[in-house]
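Asks: Could you look at this predicted model? Sequence included:
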Amino acid sequence: FEPLTQSDVGPMFASMFIVFLTFTTFAVMNVVTAIFCESAIEQAANQREVRMQKFEEQQEMYSRQLGEVFMVIDQDGSGDISMEEFEFGIMNPKVQTFFESMELR
């Protein structure tokens, strides 16, 4: 503050200049902070979408695998599984492997 008061500039203008510099510095810092916050919010939204998409893909994969298991169990190809077919089917090593891969034991 001393170099400004020792020059030909009056104390009022020197004080106004310091207020201007302070205000400008805070404004620039606010813009930079806003950019970082916006980037972080976008990243969080993208991560949520990716997790949802992975979950949906996993559900579709399990559904396909379960359909394959029931096709193997359905010995007569009727599209329906009787209790006897189910009991016999779960003894099949291929079906047991399917259940274990889907973490169903």
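Replies: Here it is on my side, so go on.
Asks: When you work out contacts or count neighbours from here on, use the C-alpha atoms and nothing else.
Replies: Noted.
Asks: where does the chain dip in pLDDT?
Replies: 1-7, 9, 104-105 (pLDDT under 70).
Asks: Nearest to the spatial middle of it, which residue is it?
Replies: A centroid search over the chain (Cα atoms, centre = their mean) returns Q47, at 2.0 Å, as the residue closest to the centre.
Asks: so how far is N46 from L66?
Replies: Here the criterion is Cα to Cα, to the nearest Å. By it, L66 lies 30 Å from N46.
Asks: between those two, who's got more neighbours?
Replies: Shown here are L66 and N46; by other Cα atoms under 10 Å, L66 has more neighbours (16 against 12).
Asks: residue contacts, that one?
Replies: With contacts defined as Cα atoms under 8 Å, 6 or more residues apart in numbering, L66 is in contact with F98.
Asks: same deal with I81?
Replies: 70, 73-74.
Asks: Find out how far the helix ranked longest in the chain is from the centre of the chain, if you would.
Replies: Using DSSP state H, we find that the single longest helix of the chain is helix 11-73. On the basis of Cα atoms, centre = their mean, to the nearest Å, helix 11-73 is displaced by 9 Å from the centre of the chain it belongs to.
Asks: So which residues lie in contact with the helix or strand just after it, not counting its own?
Replies: Next in sequence after helix 11-73, counting helices and strands by DSSP states H and E, comes helix 83-89. Under the contact criterion Cα under 8 Å, 6+ apart, helix 83-89 has outside partners 72-75, 95.
Asks: For D80, which non-adjacent residue is closest in space?
Replies: Leaving out its chain neighbours, the residue that sits closest to D80 by Cα to Cα, 6 or more residues apart in numbering is D74, at 6.8 Å.
Asks: And for that neighbour, the neighbour number?
Replies: 18.
Asks: Was I right to think it contacts I90?
Replies: No: counting by Cα atoms under 8 Å, D74 does not reach I90; the two are 11.0 Å apart.
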